[in-house]
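Engineer: Give me coordinates for this.
(chains A and B)
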Amino acid sequence: MAYEHRDIEKKWRERWKDRGTYRVENDTSKPKYYVLDMFPYPSGAGLHVGHPLGYIASDIVARYKRHSGFNVLHPMGYDSFGLPAEQYAIQTGQHPAKTTEVNIARYREQLDNIGFSFDWSREVRTSNPDYYKWTQWIFLQLFESWYDARQDKARPIAELIARFEERGCMGQDASILTGDVEEFVGEFSAAEWKAFEERTKQMVLQHFRLAYLSDAWVNWCPALGTVLANDEVKDGVSERGGHPVERKRMPQWSMRITAYAQRLLDGLDALDWSTSMKEAQRNWIGRSEGASVRFEIKSDLTPSPSPGERGTIPGDNRFRESANSFIWSKLIERAKDMRHNPTEAEDRLWQVIRGNATGGRIRRQHIIDVFIVDFVSLPKQLVIEVDGDIHDLQTEEDALRTLRLGEEGFKVIRFRNEEVLNDPQEVKRKIIEELNARPDFNKDDVEPSDDEHSAPLPGRGAGGEVIEVFTTRPDTLFGVTFLTLAPEHDLVSSLTTDDRRAEVEAYVKTASNRSERERQAEVDKVSGVFTGSYAKHPFTGADIPVWVGDYVLAGYGTGAVMAVPGGDQRDWRFAKHFGLPIIAVTEGADIENGADESKEATICSEGFLKGLKVPDAVRRAIQELEKLNAGEGRINFRLRDAAFGRQRYWGEPIPIYYKDDIPYPLPESELPLVLPEVDKFLPTEDGEPPLARAKNWTYTPLSPGEGSGVRSSYPLETTTMPGWAGSSWYFLRYMDPKNEGRFASPEAINYWQQIDLYMGGAEHATGHLLYFRFWTKFLHDRGWLPFDEPAKKLVNQGMIQGVSRIAYKATKDFFAYELLTMIFSMRSAQDTSELVSVEDIPIVLVPVELRNRIVHGTLTPQEEATIESQLRDLTKTLQEKQPNRAGKVVSPGNHSFPVHVDISLVDPSTGALDIHLFRESSPENSGAIVLGGGTYFCRPEVEKMSKSKHNVVNPDDIITKYGADTLRLYEMFLGPLEQSKPWDTNGIEGTSRFLKKFWNLFYESDVFSVSDVAPTKEEFKTLHATLKKVTEDIEKMSFNTSVSQFMIAVNELAALKCHKRDVLEPLTVALAPFAPHIAEELWEKLGHPTSITVAKWPQWDAQYLVEDNFSYPISFNGKTRMQMEFPIALSKEEVEARVLANPEVQQRLEGKAPKKVIVVPKRIVNIVV
RNA sequence: GCCCGGGUGGUGAAAUGGUAGACACGAGGGACUUAAAAUCCCUUGGUCCGUAAGGGCUGUGCGGGUUCAAGUCCCGCCCCGGGCACCA
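Structural biologist: A predicted model of the protein is given here:
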């Protein structure tokens, strides 16, 4: 009976489903094994043959492990939130849930066809509220956590609050806090913390939360209408769609992944992941060790600020700290904003008190401590506030604010909007009265100009300020000849001297207007400008000019560099360009021609570093910096916090509501916060994300307790989570997918633990895999997981490439100019009237060979005649269609351009194009001809398999023709799993034949016939050699060689005419992971009532592999010349003796004694002559 | 520029320092057949000598080296693929 794959595979697919063969219980009596494939996004295009490669490999391992006695978790589900479904929804108005549903159904059908052993009862979908309830829950945990650098783990934020209430944040505490927080939050006492208004407290806490809202620089993609994470941007354009991306500052949810940078790096060492994958992550995290160095700004060169200008009162250093804080840098944006958009009352008042109108300088929208005050006189320490209606609701907070400012020595006076609007002069009069009543704290608050653009923003004076830089080469400090600031650097404005101001501002403006892409494209252009200020070298005290240059990135380090043109090529180019001095820092450096960046060099600078090798000099330099308190050793990471919000519809809603613009977490009982219905999937007219369209997108707490008892509604967050949210923890949900009370029970987590084998594409190196590790570490820190890495072993399957078929189409230019003029002028020059408009030219395929001959004018007369007649025909038909459009000759250009022809129109082995099918394939091609006649052969090209390249091979087609088992075997047989390779459908014949041969071992003259006769030694040897090789190969994931071994076994057994049960039965089990359908069928025919999937894995036995004899290759000087067979048991000496006794050997030796004879038992004999 | 991979027949590829090219495709030849499909057998890295049996030389990107023996180890280069990149 012939092997009928269609019937067999259909039968077993149904049985497996009916019997629940692949259902997995959390059966803790067995050892577990967790095999997971990376979460697929169900795209509309469906699967091509490249997609299942990894699934097949992991399925083989899963099945093998099950045979070997493990309880194997091998689930599948869908990462079903995402951009493509939403883009489609915007275009068609179809709800993304609907298209996603359709795509999933299609995906599932295709997956089922291949015969995977997935336990579908555990399927998860990220877009399912039962699932994203827990994604939101994890988000809330991140929001409610901070990173305790002292314990090096995440802790509940309540602990931090308790600590603030008890001890404040002073001294050592101020330095335990991680990352940027440490620099920016000043110290505060417990009392001060308690006195902070709610807003301030929340603002401070935002700097600690692992999920936080801040004004951040983001990658904004206008075409997609959303922000993108760093890993979603490649070369300045969006990875998906290739749309331009710009830098924009906007309020943004972020994840503090940077807190985990070091642990993410360290954790890699213990993982069994490919080196390239680990390297990609290491690059992305980008740890660099070096020093931070502080350069004081020369006070005699820049005006020393008054204490008032610094926003401080003399002697109160703490105050200056806070004015110099992160909060300051956050607030400054807001302050600028508020200045540009004053309320009517503010503006009216400003007009009457600005300049010297009150007899002293008044500043507006000024930052004092953590507040932005409306107006202030610094010398008099008087704050003037104009309250809008909103303040009525905030009287309590205002009181606290007044109190707090009062503690800092400021008096606060308030006016109401109406007062100001009704009679600004009266208000002014009152202000002057107040001013006169207060003592002068400082008389120096003079500012030459009140120009908003040019004045340094108050609160931060320039003089006495320091520029902090990060360097990996503190050993080159003596080579510093200038400093360079990024154009966005906070100090640029205050460092700029008046004479340089126009130039600097113009430069900063130009730089900020350039897109990321422009900036990247022009890396070789040097540009910059001198600020006019100087800093002081910490060692030599020399004047160091401060420049601004856009080769310095605002986002890395401190946004400022110490330029060492002798030791850094970028600095060198900058110095050369602007004629700045270049000092050699290393011995033997050729500073005329470039910087010496070598790390093996010896430092030649005068002073304590002279003569030291780079690493020693680095250490020494850091010591010296620390002595002077001018810097210290520091580690910097390239990794940035991850943008978490998306201005999109089709994602998990972020469970946050706003009260007075402060984000608060929804209570857990409100989860899931279900994605609302909207009328359109587009942003609102005001540019709000689509969720803002939803009706009643507000949170109304059910319990009163909100003050008066009147229920208030609060607006909900309108951005949604990015694609990576749901996929960062899905592996946990599979362990316990139906749990309603938890993301997964502790029992399930403790049983299944980490993923033992994670299979997926290498393209996830810096996105998914990093976030996935981050969330796992976080959940571990907070005690929900006993492990802190999600996947022990990671294998990246290679890409299966497509073989595209390329045809060359004549360009219009070629047709019109090259051909027509040439051919017609060759024949008869008067015929140009027959030329047609180039617009009407149909597709003409130009064989490459022929094209070359036309260009070189070496056509045979016959070819000329053919082409001419073809062209005459063409022009004729065209003229009949459009008689009035006589042609014109256009200028010559490219002759032809390559196009992708659909591979279904091309003979796969010869590349011959079926011109009839081609003409039918699209209206555009209907009139296509092959220039010169004959068959057109398309050039093959190996490239990515994709719809747009018309080279997609659908697994369904292969399965219909050859069966799923053949497809599975062939995909594995193609080559090493991790390697990319082109798909060649022709090769599949080999594996198809193999299965037929295997099937035939169970048949004699069309009758199923397996004998119970004991196998011969030879038959056993074949069996056990195969079992050994296959077992070992599966363990090392070398599936192509196991398939080869099966082929060898079948060839040998067929030659031996072996139809014996004791050989075939174990062999069937061994084949079952690779070709489960045929194996089940034969297993049943062999008389087994239960599924082969639970059969015990056959062990190989070494005794059957023992050979009596070994055929030794006899080589002379390493070259094999002959074979001699000896018993294995023979000793080295005996082998040597017998070899030398051989007459042929003697002949080759020509009577000479060999210099040496090497005998390697069971390997080789080498005779050295 | 830096960091990872990788380079073996016409093709996909195999090879614990020990007979390079297993296994498969393709190609060529043959058998069966009226024919085709299917199946089976033989040949197949290159090259040279020989009627043949058989034999020689050469060959794993290039150039060196270590070794009795190198696709495999070491040094230097070239090329291809991937990652990162004015990252200080």
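Engineer: Measure how buried the closest residue to A:Ala744 other than its chain neighbours is and give me the count.
Structural biologist: When the adjacent residues along the chain are set aside, A:Ala744 lies closest to A:Asp736, with 4.0 Å between them (CB to CB, 6 or more residues apart in numbering). Quick note: C-beta positions are derived from backbone N, CA and C, even for glycine. Burial of A:Asp736 is recorded as 19 neighbouring residues (other CB atoms under 10 Å).
Engineer: mind checking pLDDT for the residue of the stretch 1001-1150 of chain A found nearest RNA strand B?
Structural biologist: When distances are taken as CB to the nearest atom of the strand, the stretch 1001-1150 of chain A approaches RNA strand B most closely through A:Gly1118, which lies 2.9 Å from it. According to the per-residue confidence, A:Gly1118 scores 84 in pLDDT.
Engineer: and the gap between A:Asn230 and RNA strand B?
Structural biologist: In this structure, A:Asn230 and RNA strand B are separated by 7 Å, where distance is defined by CB to the nearest atom of the strand, to the nearest Å.
Engineer: scratch that, A:Asn26
Structural biologist: As judged by CB to the nearest atom of the strand, A:Asn26 and RNA strand B stand 37 Å apart.
Engineer: picking that back up, wait, the residue of the stretch 1001-1150 of chain A closest to RNA strand B touches A:Ile1164, no?
Structural biologist: No. Under the criterion of CB atoms under 8 Å, A:Gly1118 lies out of contact with A:Ile1164, with a separation of 9.4 Å.
Engineer: Can you pick out the residue with more neighbours from the two?
Structural biologist: Legend: neighbour count by other CB under 10 Å for A:Gly1118 and A:Ile1164, higher for A:Ile1164 (15 against 10).
Engineer: Which strand residues bridge that one?
Structural biologist: When bridges are taken as DSSP bridges, the partners of A:Ile1164 come out as A:Val1160.
Engineer: mind checking pLDDT for it?
Structural biologist: Listed pLDDT for A:Ile1164 reads 90.
Engineer: Likewise for A:Asp550?
Structural biologist: According to the per-residue confidence, A:Asp550 scores 86 in pLDDT.
Engineer: Skipping adjacent residues, who's closest to it in space?
Structural biologist: Once its chain neighbours are removed from consideration, A:Asp550 has its nearest residue in A:Ala511; the separation is 4.5 Å (CB to CB, 6+ apart).
Engineer: For the residue nearest to A:Ala744, which three-state class applies?
Structural biologist: Assigned by DSSP: H, G, I helix; E, B strand; the rest coil, the conformation of A:Asp736 is coil.
Engineer: Contact partners for the residue in the stretch 801-950 of chain A that RNA strand B sits nearest to?
Structural biologist: The nearest approach of the stretch 801-950 of chain A to RNA strand B comes at A:Ser909, 5.5 Å away (CB to the nearest atom of the strand). Listed by CB atoms under 8 Å, 6 or more residues apart in numbering, the contact set of A:Ser909 reads A:Asn986.
Engineer: Name the helix or strand for A:Glu1125, please.
Structural biologist: When secondary structure is defined by DSSP states H and E, A:Glu1125 falls within strand A:1119-1127.
Engineer: Go through that strand and flag the buried ones.
Structural biologist: By neighbour count, with 16 or more other CB atoms under 10 Å as the criterion, the buried positions of strand A:1119-1127 are A:Met1124, A:Phe1126.
Engineer: strand partners of that strand, parallel vs antiparallel please.
Structural biologist: As defined by DSSP bridges, the strand partners of strand A:1119-1127 come to strand A:1109-1116 (antiparallel).
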